[in-house]
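K.L.:
Have a look at this prediction, sequence included:
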Amino acid sequence: MASEDVHAGIETDFSRKMSYGDYLGLDQLLCTQRPLSGQHDEMLFIIIHQVQELWMKLMAHELALAMRCIAADDLPPAFKATARVSRIQRQLVEAWDVLTTMTPHDYLAFRGSLGSSSGFQSWQYRLLEIRMGAREPLYLKPHQHRPDIYAQLEEAFSAPSIYDDALRLLARRGLKLPEAVLERDLRQPHTPSAEVEAAWAEVYRNADEHFDLYELAEELVDLEDAFQTWRFRHLSVVERVIGSRPGTGGSAGVAYLRTVLGKRFFPELWSVRGKL
């Protein structure tokens with residue numbers, strides 16, 4: 001009787017109502033895992049990468065909000081969005097840990113089924129990099145066969161990055177920044193600048209006066225720190241599973257992943273730490 005009371009009122013007939021599975025589109029979502037090799041571990045490989053793409057979709061959603069808010073001088077919602085992105089990246093790092101349960105033998109058993117596909121071709125990852133400040137035209141080329149995707153990447157490539165938005169905000173607040181930085185060709189990468197470093201130093205040394213900009217600086221550092229942790233974990237897992245082999249799709253594999261580890265999106269926020 002008590003058990004019946006506990007469950008009284010729970011919906012059981014969804015013939016004309018939206019169910020949990022309906023709302024989440026689970027029929028469609030759970031039908032997208034289609035291993036090609038018949039090997040057990042291919043399901044793990046597919047799901048890990050699909051989960052990462054879902055998280056990246058949310059990261060791009062949140063990063064776009066943060067950028068709009070910084071451009072509008074509305075920082076509290078931007079802080080919430082960037083903090084959320086940093087926490088999502090922790091989930092991505094944990095996902096790599098699950099993939100480490102797959103041995104080189106497990107992976108090589110189905111690697112041939114990947115054909116020319118490669119994580120290098122993830123357009124959502126490229127969108128995140130571009131919004132963070134990466135400017136490498138080569139990374140857009142694998143998406144030329146998809147005009148809808150290519151247009152999104154091209155739009156982001158020609159627009160301010162989140163760091164550009166932050167530097168423009170500093171200038172609006174009266175901090176001295178060179179015109180060459182503020183008016184640069186947005187399709188070119190940001191070049192480290194002593195004047196930009198000096199502006200951030202002003203923010204850090206006078207945190208009480210510029211507290212929201214000080215908080216913005218630390219949110220951006222958190223964001224890049226989490227991004228680099230994600231990249232490093234990716235590198236270590238790929239090296240563990242395939243060693244020094246070239247990646248699928250013609251990528252250089254571990255060699256390429258090592259090159260990006262040394263690249264900073266927000267260089268002055270790191271260099272200024274040795275000057276305070």
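P.N.:
Nice, thanks for sending it over.
K.L.:
any idea how far residue 117 lies from residue 145?
P.N.:
13 Å (CB to CB, to the nearest Å). Bear in mind the C-beta positions are built from the backbone N, C-alpha and C, glycine included.
K.L.:
So between these two, which is more surrounded?
P.N.:
residue 117 (11 against 8; other CB atoms under 10 Å).
K.L.:
which SS state does the more buried one fall under?
P.N.:
Under DSSP: H, G, I helix; E, B strand; the rest coil, residue 117 falls in the coil class.
K.L.:
Is residue 62 in contact with residue 85, as I believe?
P.N.:
Yes. Assessed by CB atoms under 8 Å, residue 62 is found in contact with residue 85 at 5.0 Å.
K.L.:
Among these two, which residue is more densely surrounded?
P.N.:
residue 85 (25 against 20).
K.L.:
show me what contacts that one?
P.N.:
The contact partners of residue 85, taken as CB atoms under 8 Å, 6 or more residues apart in numbering, are 59, 62, 63, 66, 223, 226.
K.L.:
Could you rerun that using 7 Å?
P.N.:
Residue 85 makes contacts with 59, 62, 63, 223, as judged by CB atoms under 7 Å, 6 or more residues apart in numbering.
K.L.:
Just the pLDDT for it.
P.N.:
Reported pLDDT at residue 85 in the predicted model: 97.
K.L.:
what's the helix or strand for it?
P.N.:
Element membership for residue 85, per DSSP states H and E: helix 75-99.
K.L.:
tell me what whichever helix or strand comes after that helix is packed against?
P.N.:
With elements assigned by DSSP H and E, the helix or strand that comes after helix 75-99 is helix 104-108. Judged by 3 or more CB pairs under 7 Å, 6 or more residues apart in numbering; DSSP states H and E, helix 104-108 is in contact with helix 211-242.
K.L.:
all strands of this structure, in order?
P.N.:
Using DSSP state E, no strands are found in the chain.
K.L.:
for this protein, what are the low-confidence residue spans?
P.N.:
Residues of the chain meeting the criterion pLDDT under 70: 1-8, 244-253, 256.
K.L.:
mind running it again at 50?
P.N.:
The model of the chain has pLDDT under 50 over residues 1-4.
K.L.:
All the helices of it, in order from the start?
P.N.:
Along the chain, counting by DSSP state H, helices occupy 2-7, 20-24, 26-29, 42-71, 75-99, 104-108, 123-132, 147-157, 162-172, 179-182, 194-205, 211-242, 254-261, 267-271.
K.L.:
Distance to residue 141 for those - can I get that in TSV?
P.N.:
What follows is the helices of the chain, written out as TSV (distance: least, CB to CB, whole Å):
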stretch	distance to residue 141
helix 2-7	57
helix 20-24	35
helix 26-29	30
helix 42-71	20
helix 75-99	25
helix 104-108	27
helix 123-132	10
helix 147-157	9
helix 162-172	23
helix 179-182	28
helix 194-205	30
helix 211-242	21
helix 254-261	15
helix 267-271	26
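K.L.:
who wins for proximity to residue 35 among those?
P.N.:
Closest of the helices of the chain to residue 35 is helix 42-71, at 4.0 Å (criterion: CB to CB).
K.L.:
so what does that closest one touch, helix or strand wise?
P.N.:
helix 75-99, helix 123-132, helix 162-172.
K.L.:
which of the residues in it are buried?
P.N.:
The neighbour-count check on helix 42-71 (16 or more other CB atoms under 10 Å) flags 42, 44-46, 48, 52, 55-56, 59-60, 62-63, 65-67, 69-71 as buried.
K.L.:
likewise stretch 265-276?
P.N.:
Applying 16+ other CB under 10 Å to stretch 265-276 flags 265, 266, 267, 268, 269, 270, 271, 272 as buried.
K.L.:
for the residue nearest the centre of the chain, what are its contacts?
P.N.:
Central residue of the chain (CA atoms, centre = their mean): residue 128, 4.7 Å from the mean position. By CB under 7 Å, 6+ apart, the residues touching residue 128 are 56, 59, 60, 63.
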